[in-house]
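**Student:** just coords:
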């Protein structure tokens, strides 16, 4: 079993919002995602999707995009992003998900010794766009939600944490998200949200024992990124073997 990740799919199967308005890199991106996904992912693999899944405003309008994901190989774990306006009542979201798709919210998902938890996250204090008035309360609330998810982690599993927002500000300073990840001994942390030039300063690599991955779809060339291979030792994975 392998674990892959790809976020910011920004699908628009039932809305007129083509992503190529953001540049030629996004041209025909749903077909490119489907092609690379099918070439990479096997049915017994896991794919983490850390937010900004669909441009739909209502759950019923997101069904085409959810079905698109459901038809792709693997077990898919979905996390809410800041543009997922269709994601409201969790029970209704879970009822609408196709077979093989699961929503992570205030809980965790464990299979074959691998546990995945997470929260949407938010803009971190110290970021250029952070406002004490507008963002502090949301940031603190997301920390509470993340801790609820972390508290569900079982012992003796590989621990993977999903966030939609980056866990750092632009200066890569510690945040409540990184502190929680470290205190709960997370092995790998994936995040998305960033695009274009914002990706240049994103941190990827190992810090305080945690392996960080930026998994925005355009940053990955619309190909799911391998995060963990259960068939390899941790040493070989760290060496890229």
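**Tutor:** All right, it came through fine. Source: prediction; values computed, not measured. Numbers count the residues shown, from 1 in each chain.

**Student:** contacts and neighbour counts: CA atoms only from here.
**Tutor:** Noted.

**Student:** which SS state does residue 182 fall under?
**Tutor:** Three-state assignment for residue 182 (DSSP: H, G, I helix; E, B strand; the rest coil): helix.

**Student:** pretty sure it contacts residue 212?
**Tutor:** No - in this structure residue 182 lies outside contact range of residue 212 using Cα atoms under 8 Å: 11.9 Å.

**Student:** where does this protein dip in pLDDT?
**Tutor:** 14-16, 18-23, 233-241 (pLDDT under 70).

**Student:** and with 90 instead?
**Tutor:** 12-28, 195-201, 231-241 (pLDDT under 90).

**Student:** all strands for it, in order.
**Tutor:** In the chain, the segments counted as strands under DSSP state E are 2-5, 46-50, 75-79, 101-103, 108-111, 114-119, 158-163, 188-191, 205-207, 210-214, 225-229.

**Student:** who does the fourth one pair up with?
**Tutor:** When pairing is defined by DSSP bridges, strand 101-103 lines up against strand 75-79 (parallel).

**Student:** what does the partner strand rub up against?
**Tutor:** 43-51, 69-70, 100-105, 118-120, 162-164 (Cα atoms under 8 Å, 6 or more residues apart in numbering).

**Student:** what residues of it count as buried?
**Tutor:** 75-79 (16 or more other Cα atoms under 10 Å).

**Student:** same thing with stretch 225-233?
**Tutor:** 225-228.

**Student:** any idea which helix is longest in this structure?
**Tutor:** Secondary structure of the chain per DSSP state H: the longest helix is helix 132-150.

**Student:** what sits up against it?
**Tutor:** 105-108, 117-125, 176-177, 180, 184.
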